[in-house]
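Enquirer: any chance you can model this:
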Amino acid sequence: MSSFFSFSQLQILSFSNNVISVHLKAIYLLCIILMAFDPTEAQTAKLVINASRSSGKQIPDTFMGVFFEEINHAGAGGLWAELVNNRGFEAEGEKVPSSLHPWEVIGDKPAIVVSIDQTSVFQRNRNALRMEVHCDHSSSCLPDGVGISNPGFWGMNIEKGKKYKVVFYVRSTEGIDLKVSFVGTNGGKLASSEISGVGVNASTWRRVERVLEATETNHYSSLQITATRKGTVWLDQVSAMPLDTYKGHGFRMNLFQMVAELKPRIFRFPGGCYVEGNVLKNAFQWKQTIGPWENRPGHYGDVWDYWTDDGFGFFEGLQLAEDLNALPIWVFNNGISHSEQVNVSAISPSVQDALDGIEFAIGSPTSRWGSIRASMGHPKPFDLRYVAVGNEDCDIDKLRPFYLENYPIFYDSIKRAYPNIQIITNCDASKHQLPHPADLYDYHQYPQTAEDMFHKAKELDSSPRVGPKAFVSEYALNGGDAGNGTLLAAVAEAGFLIGLEKNSDVVSMVNYAPLFVNANNRSWTPDAIVFDSYQVYGTPSYWLIKLFKESSGATFLNSTLQTNSPTLAASAISWKSPVDGKSVLRIKVANLDKKAVIIEISIEGLESSVSFSKLTKTVLTSSNPMDENSFSEPNKVVPKESLIQNAGKIINVHIDPVSVTSFDFNM
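Expert: Take a look at the predicted model:
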């Protein structure tokens, strides 16, 4: 800092005997303040870019993607728009009687007695709810009757003017006289419909469907089914879905749009540890998740400790990838859970299960499993090109030795039946040659500090340039620096992604993880997208991913960064805009330091006739590195755009402390 006086000079001045004036005292205090708040000047750096496309290299089309796992209620109560929690009363699985949670009983004994028995019409989920009603209008019933209520997943979002389809199965010893209603937190009815069948033989199961239109809005509503007629009523498979899901495919609209805006080229699903389970019984079993939703038994996801009805199943994952215009990557269980593993002599059923899954996805609509896909409304095969043999199962601390023995059996069997399917191994080939063939290898990174995250991509600088390429299928800053999604985490991840761009000759695909978190169930944090029953916002890491979405299929340009800072990174790419067909040159600079940087950007290799018609500067930063977004401040840390006029092939720009800055040159 420069000033009229140095601190040492000011220090020797005496305030006694009127030697120093009041004005000088003020200057003295001002200098102390300035020295406290601005102890150093901005650093300087130089970035030289060769913008000649002939000298660059193409980044794979599949580079930026997303990874969906059923964690943090990402699907159940989230992206999958089902409003009813535990719709089939199966949440305890084979245990009888099952837990009603979160269903609640409306009314007290002896007016109503509720239990669960195994008399359902559905063979794969036998539990049904038995409701004995001992009151009517003339006795001790409540004004609206007695019955059951479901709060959904921390409240159902019911909005005025919107329509919701309610479906349930019912039988009764007497005629049916029920009312189904959405009820707000104040007890007021938002929508309701009466189901009456007095005098009709109701002893056999029948399907009831009603479309309810809401007259008011309440974000934390519940669904009620009540009765005012004496008798015994059985209910099963109670569902409530908004009609405005994406293309009617069941995906909650605002959450789908958040993912679609990332323009992912690949979609990895359904896990993650969710695929494995703590025990194999609770692993994701794709065959249990297809066909009519009423027949899906659901399962307990014991890794993340909650029940899912499997409304979002194998078919829905493939459908979501198609809706996102992304290539699906199916991670299947390979006979390994967190506590169990199948040896070579018993692995054949698991291998056949994987082959059947591929047939379901891409087989002919007349094939055994392809015909089931066709019966679900998708006769055309899905575009499945990649499968991953397990998740994080490759000989971890010598606890899972069977992976190395079983993997070749999966590989050979799949390649023999489907030679074009690309197979991903869990074994890391970033430093050592693989002990088996593979098309790609999984590479996960969850560093605990921001600086470690920033520098992690350098580990791939020395990776072999031949052999299978890396699939960075899970990455994120974890630990204290990450909080619930801080600016600091996003900037650290920017340094990591810039390094992956530079190594895109050996990195084919990249996914942040996890994608979603329900704010009421933070099993893992941070995450890219946060939601509750009706709200949603992106963390700074989400907005960072958006800054990299054009990297897929772009040309990575050679560049040289001259700097003394170990926490400054930069890259340059070019691509043709799909809007007007013009070339765009994007420069990204990540500055993890608390000091600003003045960087001189020099662009070489362009024809002399090329000029920049517009330069857009986009900055992701905030006043505090630990700043986070929230429902109350969803845009606290988001990219902000501005225009730089009269840009030339050499420009000097200011880079904020702890920031990611993007410069787009339209040429």
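Enquirer: contacts and neighbour counts: CA atoms only from here.
Expert: Will do.
Enquirer: look up how far G370 lies from the residue lying closest to F314 once chain neighbours are set aside.
Expert: The shortest distance from F314 to any non-neighbouring residue, by CA to CA, 6 or more residues apart in numbering, is to W286 (5.6 Å). When CA to CA, to the nearest Å is the yardstick, W286 and G370 sit 14 Å from each other.
Enquirer: residues contacting G77?
Expert: The neighbours of G77, taking CA atoms under 8 Å, 6 or more residues apart in numbering as the test, are 83, 85, 152-153, 533.
Enquirer: now with 10 Å, please.
Expert: With CA atoms under 10 Å, 6 or more residues apart in numbering as the criterion, the residues that contact G77 are 83-85, 152-156, 252, 308, 518, 531-533.
Enquirer: tell me the one of those nearest E641?
Expert: F531 (25.6 Å; CA to CA).
Enquirer: all helices for the stretch 301-450 of the chain, in order.
Expert: 314-323, 348-362, 368-375, 402-417, 450-455 (DSSP state H, counting those that start in this stretch).
Enquirer: list the contacts of V166.
Expert: 83-84, 180-181, 193, 208-212, 223, 238-242.
Enquirer: closest to T173 among those residues?
Expert: The shortest gap between T173 and any of the contacts of V166 belongs to V208, at 16.7 Å (CA to CA).
Enquirer: first to last residue in stretch 615-627, what's the distance?
Expert: Span of stretch 615-627 from end to end, CA to CA: 28 Å.
Enquirer: I'd like the mean pLDDT over it, please.
Expert: Summarised as a single mean, pLDDT over stretch 615-627 is 96.
Enquirer: got the buried residues for that stretch?
Expert: 615-622, 625-627 (16 or more other CA atoms under 10 Å).
Enquirer: just those residues now: which is nearest S413?
Expert: Compare each of those with S413 using CA to CA and the shortest gap goes to L620, at 47.5 Å.
Enquirer: any idea what the closest one is bridged to?
Expert: In this entry, L620 is beta-bridged to V660, by DSSP bridges.
Enquirer: ok so, going back, can I get the helices of the stretch 301-450 of the chain in TSV including distance to E607 and mean pLDDT?
Expert: As requested, the helices of the stretch 301-450 of the chain are exported to TSV (distance: least, CA to CA, whole Å; pLDDT from 0 to 100):
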stretch	distance to E607	mean pLDDT
helix 314-323	40	98
helix 348-362	47	98
helix 368-375	53	98
helix 402-417	48	97
helix 450-455	35	97
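Enquirer: still on that earlier bit, okay, and which of the contacts of G77 map to helices?
Expert: Filtering the contacts of G77 for membership in helices, criterion DSSP state H, returns an empty set.
Enquirer: of those residues, which is the most crowded?
Expert: With neighbours set by other CA atoms under 10 Å, the maximum within the contacts of G77 is found at L83, which has 30 neighbours.
Enquirer: returning to that earlier point: overlap in contacts, W286 and G370.
Expert: Between them, W286 and G370 share the contacting residues 356-357, judged by CA under 10 Å, 6+ apart.
Enquirer: which one of these two has more residues nearby?
Expert: Each of W286 and G370 had its neighbours counted (other CA under 10 Å), and the higher figure belongs to G370 (24 against 19).
Enquirer: run the chain-centre distance for stretch 543-550.
Expert: 14 Å (CA atoms, centre = their mean, to the nearest Å).
Enquirer: excluding chain neighbours, give the residue nearest to the residue positioned nearest the centre of the chain in space.
Expert: The C-alpha lying nearest the average C-alpha coordinate of the chain belongs to L515 (CA atoms, centre = their mean; 1.7 Å). Distance criterion CA to CA, 6+ apart; nearest residue to L515, sequence neighbours excluded, is A528 at 5.0 Å.
Enquirer: OK, contacts around that neighbour?
Expert: Taking CA under 10 Å, 6+ apart as the definition of contact, the neighbours of A528 are 258-259, 476, 484-485, 512-517, 537-545.
Enquirer: in helices only, show me those residues.
Expert: Among the contacts of A528, the members falling in helices (DSSP H) are 258-259, 540-545.
Enquirer: any idea which of those has the most stuff around it?
Expert: Neighbour count (other CA under 10 Å) singles out P540 as the most crowded of those, with 31 neighbours.
Enquirer: quick one: that residue and G479, what's the gap?
Expert: With CA to CA as the criterion, P540 and G479 are 16 Å apart.
Enquirer: in the stretch 51-200 of the chain, which spans are helices?
Expert: Taking DSSP H, counting those that start in this stretch as the test, none of the stretch 51-200 of the chain falls into helices.
Enquirer: thinking again about what came up before, I651: which of the contacts of V166 is nearest?
Expert: Distance from I651 was checked for each of these by CA to CA. The minimum falls on P242, at 51.8 Å.
Enquirer: give me every residue that touches the closest residue to the closest one other than its chain neighbours.
Expert: Excluding the flanking residues, the one nearest P242 by CA to CA, 6+ apart is Y164, at 4.3 Å. Shown in contact with Y164 (CA under 10 Å, 6+ apart): 83, 158, 182, 191, 210-214, 239-244.
Enquirer: just the closest of those to D442, please.
Expert: Minimum distance to D442 across the contacts of Y164 is 34.8 Å, recorded for L83 (CA to CA).
Enquirer: just to revisit the earlier point, the residue nearest to F314 and G317: what is the separation?
Expert: Computed with CA to CA, the distance linking W286 and G317 is 11 Å.
Enquirer: got it, and V279?
Expert: As judged by CA to CA, V279 and G317 stand 23 Å apart.
Enquirer: of the two, give the one with the bigger neighbour count.
Expert: When V279 and G317 are compared for neighbours, G317 comes out ahead with 19 against 16, by other CA under 10 Å.
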